[in-house]
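K.L.:
only geometry, no sequence info:
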């Protein structure tokens, strides 16, 4: 595959990559905003679900206490009716006793019969008085219980009002938080895009306008022939020289990116669609693409780029830049892509 790079010719200025770059940046911003919206909706639904559970529990308690209050009021009414009947009977008994006593006073000859009747009425009067006293005690106790139930209901209603007020405040805070988070994420996306543009600009300067190194969307694309020997997975001398330029630019840009931007350089390996032959240690195109990406990552680590800022991925022949089985299409598809992105 050596010498494939010589097939590329100088071309006139192509504005398509810049357009693709802007479109990819806009798509990335939209994806971040959608992610924030989904997160805010999830947090809001969780908060509302919790508040609804509290409100339902408070409403259930109020319903139970209201039922108890109605029962106690019914019992109180029955006791008051019984007390009224007892007081009426007591009044009748006292009236009858007064009448008999008057007759006794008028005619002492009424005798034992009148005295017995008076005694019976007096005993009945005492019983009525005792029942009346117990009824009054029960009514007083019920009044106290009803007052306590009313206090509990008032406390629950106050708690319910406070809970609803806090729920409204929480919803307002969540909405405000979502807006601020959207603004912050949009700013982070714009800031990372600015550093990506600086990185690409410096790479263009360092690489000296090589026609075989292209920009596709938001990625720098290196032909595999520039970095590796045919079928090989270790960087050759020319490839190390090119990647050293990239490492120098990345170290400079990385020192300028704020710590709160969690950036990484993604190294993607791609092959053509010709199956590997032979019995070497690399079995297929997928493994070849992954091993080549790892070789580039290990070289960057050796040159001082932190390992946590690097990602290696292999895609085999399954994400071609150009469809077809021509030599030119296969040469374009054998590549290493570099993309500065957020973790």
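P.N.:
Great, that's in hand. Remember, it's a predicted structure, so these values are computed and weren't measured experimentally. Residues are numbered from 1 along each chain as shown.
K.L.:
and residue 234, what pLDDT?
P.N.:
Per-residue pLDDT puts residue 234 at 95.
K.L.:
I should have written residue 33 there, sorry.
P.N.:
At residue 33, pLDDT is 74.
K.L.:
number of nearby residues for it?
P.N.:
Residue 33 has 15 neighbours, counted by other C-beta atoms under 10 Å. Bear in mind the C-beta positions are built from the backbone N, C-alpha and C, glycine included.
K.L.:
Shouldn't it be within a strand?
P.N.:
No - according to DSSP: H, G, I helix; E, B strand; the rest coil, residue 33 belongs to no strand; its state is helix.
K.L.:
can you give me the helices in the stretch 151-300 of the chain?
P.N.:
Ranges of helices in the stretch 151-300 of the chain, per DSSP state H, counting those that start in this stretch, are 224-227, 237-256, 285-302.
K.L.:
The second one to helix 285-302, inter-axis angle?
P.N.:
Okay, so that is helix 237-256. 60 degrees (axes from the mean of the first three to the mean of the last three C-alpha atoms, to 10 degrees).
K.L.:
Residue 93 is nearest to which of the helices of the stretch 151-300 of the chain?
P.N.:
helix 237-256 (105.4 Å; C-beta to C-beta).
K.L.:
domains in this protein, as residue ranges please.
P.N.:
Taking automatic domain parsing as the criterion, the chain consists of the domains 43-187, 210-342.
K.L.:
deepest of those, which one?
P.N.:
Of those, the one with the most neighbours on average (mean count of other C-beta atoms under 10 Å) is domain 210-342, at a mean of 17.
K.L.:
distance between the ends of that one?
P.N.:
Start-to-end span of domain 210-342 (C-alpha to C-alpha, to the nearest Å) is 27 Å.
K.L.:
how far does that domain sit from the chain's center?
P.N.:
A distance of 36 Å separates the centroid of the chain from that of domain 210-342, by C-alpha atoms, centre = their mean, to the nearest Å.
K.L.:
okay, the closest residue to residue 256 other than its chain neighbours: pLDDT?
P.N.:
Excluding the flanking residues, the one nearest residue 256 by C-beta to C-beta, 6 or more residues apart in numbering is residue 195, at 6.9 Å. Per-residue confidence at residue 195 stands at 75 (pLDDT).
K.L.:
In the stretch 101-250 of the chain, where is pLDDT below threshold?
P.N.:
Scanning the stretch 101-250 of the chain with the threshold set as pLDDT under 70 gives 103-115, 117-118, 175-192, 208-209.
K.L.:
before we move on, back to that, would you mind saying which of the helices of the stretch 151-300 of the chain lies nearest residue 90?
P.N.:
Closest among the helices of the stretch 151-300 of the chain, using C-beta to C-beta: helix 237-256, at 100.2 Å.
K.L.:
quick revisit: could you dump the domains of the chain into CSV with distance to residue 34 added?
P.N.:
As requested, those are exported to CSV (distance: least, C-beta to C-beta, whole Å):
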stretch, distance to residue 34
domain 43-187, 10
domain 210-342, 15
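K.L.:
Which of those sits closest to residue 36?
P.N.:
Closest among the domains of the chain, using C-beta to C-beta: domain 43-187, at 5.2 Å.
K.L.:
how distant is the closest one from the center of its chain?
P.N.:
With C-alpha atoms, centre = their mean, you get 46 Å for domain 43-187.
K.L.:
Provide a list of residues in contact with residue 74.
P.N.:
Residues near residue 74 by C-beta atoms under 8 Å, 6 or more residues apart in numbering: none.
K.L.:
any idea of the pLDDT on it?
P.N.:
79.
K.L.:
gap between the helix or strand hosting it and the chain center?
P.N.:
Assigned by DSSP states H and E, residue 74 belongs to helix 16-106. On the basis of C-alpha atoms, centre = their mean, helix 16-106 sits 30 Å off its chain's mean C-alpha point.
K.L.:
Please determine how far the nearest residue to residue 157 once chain neighbours are set aside is located from residue 194.
P.N.:
Distances taken as C-beta to C-beta, 6+ apart place residue 62 nearest to residue 157, at 7.0 Å, with adjacent residues excluded. Distance of residue 62 to residue 194, computed by C-beta to C-beta, to the nearest Å: 57 Å.
K.L.:
and the helices of the stretch 151-300 of the chain as JSON lines, adding distance to residue 150?
P.N.:
Output for the helices of the stretch 151-300 of the chain, formatted as JSON lines (distance: least, C-beta to C-beta, whole Å):
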{"stretch": "helix 224-227", "distance to residue 150": "84"}
{"stretch": "helix 237-256", "distance to residue 150": "69"}
{"stretch": "helix 285-302", "distance to residue 150": "73"}
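K.L.:
which stretch among the ones you listed comes nearest residue 315?
P.N.:
helix 285-302 (5.7 Å).
K.L.:
and after the closest one, which helix or strand comes next?
P.N.:
strand 310-314.
K.L.:
Against which helices or strands is that following strand packed?
P.N.:
strand 263-270, helix 285-302 (3 or more C-beta pairs under 8 Å, 6 or more residues apart in numbering; DSSP states H and E).
K.L.:
now what about the following helix or strand past that strand, what contacts it?
P.N.:
Counting by DSSP H and E, the element after strand 310-314 in chain order, helix or strand, is helix 327-333. Helix 327-333 has contacts (C-beta under 8 Å, 6+ apart) with 1, 4, 7, 223, 225, 270-274, 317, 320-323.
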